[in-house]
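S.K.: Sequence isn't available, so here's the structure alone:
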Ligand code: ATP
Ligand code: MG
Ligand code: MG
Ligand code: MG
């Protein structure tokens, strides 16, 4: 490809508002353009890399018998009502109406769609097991889209679904997927770790997340030195703190009119959604209870860690507040009590919690009774911290940050039962089909690759995903002989490699800066040496360039 015909709008300045390295580098190297919050156009370089990642994913999916399909982006509301997720998915689900005012969702994931597809087609266990996948655009109205393609509102996902008549078969495919994912993430050169993950409200299910190790990662991985144990901190055992004694209100009684998400909550409390402190005025006891119960509990699509000190009553901590509250109900919650609220939050996926005791206007969805509190008293638990030991004595645990690039999940019969996907088994009995679902964030994986493959000059593409193999650059566009030689080199290399040929009439400095930014594995500079039949070859990952005779170039690059 000739660079003069390409569309690579590189920037000279580093965009300051981009918060992550991959986001900055993608903007700077002309890979993406933001069209709205969390919504990007993928420019040619991005498209080429995505194609490469997708190809690797396809090969590995096909390798375990996965068959590619393509399902609609528009999902009729009725399907999501059948699964109960029209309500439970909350604000992350993008919804639109057609001209007849029929409602649709823009697919954030396709369990409903594929279950509906197969319930009409699958009749007998003899067609099972079956694994279908697609690579497609997904829509999620993320609370905080950020870090460029790492958390977009419109992004590309590979989602696979498997169907089984028994658990053994599901286990086999789950394991195949796990292996395929390991191969995929190795092939795209990610330093990753598979960790046990929390199955959220689906409960009891078997699931692993694949985490690309990176400081920018929004997840914390807990692991032991010997690697016997590795889990998302959400899944790691909680540590119990002392239980304050006494009666406490049950969660069911807490009513927060209109509050269904953390954004609502923030609006309700009139606080911004970031680490913040704010003096606020409580209007009722219920509000106070709500605040107390927010400590370290999962709250709809958000995990909120908070603690409070009451400004004008110097109470030491949460337990103190509870004690005071229990000692004389009403004493802390009268109208106009001033409370200082500290909110530290982490965005959680709604899809992690597709169900739950989610009644309209009752807020504490996903607080698990046994784990997070008991109705008798008020049990308090906290996350394990670095250096502590696990309940089984192993440890001490270490922490690392990770980007969730993929997840494999045994769904069981959740969707098949809700939506009537049954087959006749060997004995002629109708049984619900067991399902697994398996996602990979394709566009997120691309960003994760950049997070770990770059230097201060730009991206350093691993060979397997690089948009081109070789960058042929003419140093001086006015040098006719060099330009002609470069043309010839381009034509030759093109036969064996994917070549980007910088034939632009730009200064050498600009071309080299762009070339470093774009980060192809090899650069071939056609400069003054060409009159002696010599070009300069430099690996993007190395320091030194080497002089290579033109007629040895192909064998050198091999
Ligand atoms: P997260 O915890 O980061 O919100 P998730 O658990 O909600 O992700 P899944 O429902 O497991 O995501 O979707 C499968 C994969 O899709 C994820 O492992 C991730 O790689 C990718 N993905 C999810 N949300 C986004 C997003 N907003 N932007 C880009 N990729 C995403
Ligand atoms: Mg997740
Ligand atoms: Mg999510
Ligand atoms: Mg996930």
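M.R.: Nice, I can see it. Model, not experiment: these values are computed from the prediction. Residues are numbered from 1 along each chain as shown. Ligands and ions are numbered 1, 2, ... in the order given.
S.K.: tell me which element the residue in the stretch 151-300 of the chain that ligand 1 sits nearest to is part of?
M.R.: Closest residue of the stretch 151-300 of the chain to ligand 1, CB to the nearest ligand atom: residue 155 (3.6 Å). In this view, the C-beta of every residue, glycine as well, is placed from N, C-alpha and C. According to DSSP states H and E, residue 155 maps onto strand 154-164.
S.K.: same check, this time on residue 444
M.R.: helix 442-452.
S.K.: Repeat that for residue 487.
M.R.: Counting by DSSP H and E, residue 487 is part of helix 480-494.
S.K.: what do you get for residue 183?
M.R.: helix 167-187.
S.K.: Would you mind identifying the next helix or strand past that helix?
M.R.: Downstream of helix 167-187 (by DSSP H and E), the next one is strand 192-196.
S.K.: which other helices and strands contact that next one?
M.R.: helix 167-187, strand 207-213, strand 219-224, strand 230-232, strand 397-412 (3 or more CB pairs under 8 Å, 6 or more residues apart in numbering; DSSP states H and E).
S.K.: nearest to residue 97, of these?
M.R.: strand 397-412 (29.5 Å; CB to CB).
S.K.: how about that closest one: buried residues?
M.R.: 397, 400, 402-412 (16 or more other CB atoms under 10 Å).
S.K.: ok, back up a step: orientation of the helix holding residue 183 relative to strand 154-164 in degrees?
M.R.: 150 degrees (axes from the mean of the first three to the mean of the last three CA atoms, to 10 degrees).
S.K.: What residues sit buried inside helix 167-187?
M.R.: Quick answer for helix 167-187 (16+ other CB under 10 Å): 169-170, 173-174, 176-177, 180-181, 184-185, 187.
S.K.: Which pair of those spans the longest distance?
M.R.: Once CB to CB is applied, the buried residues of helix 167-187 give 169 and 187 as the farthest pair, at 26.7 Å.
S.K.: if we can go back for a sec, between the buried residues of helix 167-187, which is nearest ligand 2?
M.R.: Among these, residue 181 lies closest to ligand 2 (CB to the ion), at 14.7 Å.
S.K.: which residue sits closest to residue 518, ignoring its sequence neighbours?
M.R.: For residue 518, ignoring the flanking residues on the chain, the nearest one in space by CB to CB, 6 or more residues apart in numbering is residue 29 at 5.5 Å.
S.K.: so does the helix holding residue 183 get close to ligand 1?
M.R.: No - on the criterion CB under 6 Å from any ligand atom, helix 167-187 is out of touch with ligand 1, staying 10.2 Å away.
S.K.: what packs against that helix?
M.R.: Against helix 167-187 (3+ CB pairs under 8 Å, 6+ apart) you get helix 44-63, strand 154-164, strand 192-196, strand 207-213, strand 397-412, strand 434-441.
S.K.: Relative to ligand 2, which of these is closest?
M.R.: strand 397-412 (4.9 Å).
S.K.: Could you pull out the buried residues of the helix or strand residue 132 falls within?
M.R.: Assigned by DSSP H and E, residue 132 belongs to strand 130-139. Across strand 130-139, burial judged by 16+ other CB under 10 Å covers 130-136, 138-139.
S.K.: and those residues as JSON lines, adding pLDDT and distance to residue 557?
M.R.: Formatted as JSON lines, the buried residues of strand 130-139 follow (pLDDT from 0 to 100; distance: CB to CB, whole Å):
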{"residue": "130", "pLDDT": "98", "distance to residue 557": "44"}
{"residue": "131", "pLDDT": "98", "distance to residue 557": "39"}
{"residue": "132", "pLDDT": "98", "distance to residue 557": "40"}
{"residue": "133", "pLDDT": "98", "distance to residue 557": "35"}
{"residue": "134", "pLDDT": "98", "distance to residue 557": "36"}
{"residue": "135", "pLDDT": "98", "distance to residue 557": "31"}
{"residue": "136", "pLDDT": "97", "distance to residue 557": "36"}
{"residue": "138", "pLDDT": "98", "distance to residue 557": "38"}
{"residue": "139", "pLDDT": "98", "distance to residue 557": "42"}
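S.K.: partner residues bridging the residue nearest the centre of the chain?
M.R.: When CA atoms, centre = their mean is applied to the chain, the residue found nearest the centroid is residue 404 (4.7 Å). On the basis of DSSP bridges, residue 404 is bridged to residue 211.
S.K.: quick one: contacts for it?
M.R.: Residues near residue 404 by CB atoms under 8 Å, 6 or more residues apart in numbering: 209-211, 217-219, 441, 444.
S.K.: change it to 7 Å
M.R.: Applying CB atoms under 7 Å, 6 or more residues apart in numbering to residue 404 gives the contacts 209, 211, 219.
S.K.: out of everything not next to it in sequence, what's closest to the first one?
M.R.: Read that as residue 209. Using CB to CB, 6+ apart, the nearest residue to residue 209 is residue 197, at 4.1 Å.
S.K.: Ok, residue 550 next?
M.R.: residue 533 (5.1 Å).
S.K.: same thing with residue 135?
M.R.: Per CB to CB, 6+ apart, closest to residue 135 is residue 158, 4.8 Å.
S.K.: What number of residues are in the vicinity of that neighbour?
M.R.: Here the count is done by other CB atoms under 10 Å, and residue 158 has 24 residues near it.
S.K.: what bridges to it?
M.R.: residue 135, residue 440.
S.K.: Over to residue 548?
M.R.: With DSSP bridges as the rule, residue 548 is bridged to residue 535.
S.K.: ok, back up a step: run the angle between the strand holding residue 155 and helix 44-63 for me.
M.R.: 0 degrees.
S.K.: now strand 154-164 against strand 397-412, angle please.
M.R.: Going by the same axes, to 10 degrees, strand 154-164 makes 60 degrees with strand 397-412.
S.K.: Output the contacting helices and strands for strand 154-164.
M.R.: helix 44-63, strand 130-139, helix 167-187, strand 434-441, helix 442-452 (3 or more CB pairs under 7 Å, 6 or more residues apart in numbering; DSSP states H and E).
S.K.: What number of residues are in the vicinity of the residue of the stretch 51-200 of the chain found nearest ligand 2?
M.R.: In the stretch 51-200 of the chain, no residue comes nearer to ligand 2 than residue 197, which is 7.3 Å away by CB to the ion. Other residues near residue 197 come to 23 when the count uses other CB under 10 Å.
S.K.: Surely it touches residue 236?
M.R.: No - look at residue 197 against residue 236 with CB atoms under 7 Å: they stay out of range, at 10.5 Å.
S.K.: List the buried residues for the helix or strand containing residue 27?
M.R.: Using DSSP H and E, the element containing residue 27 is helix 21-28. Residues 21-28 are the ones in helix 21-28 that count as buried (16+ other CB under 10 Å).
S.K.: No more questions from me, cheers.
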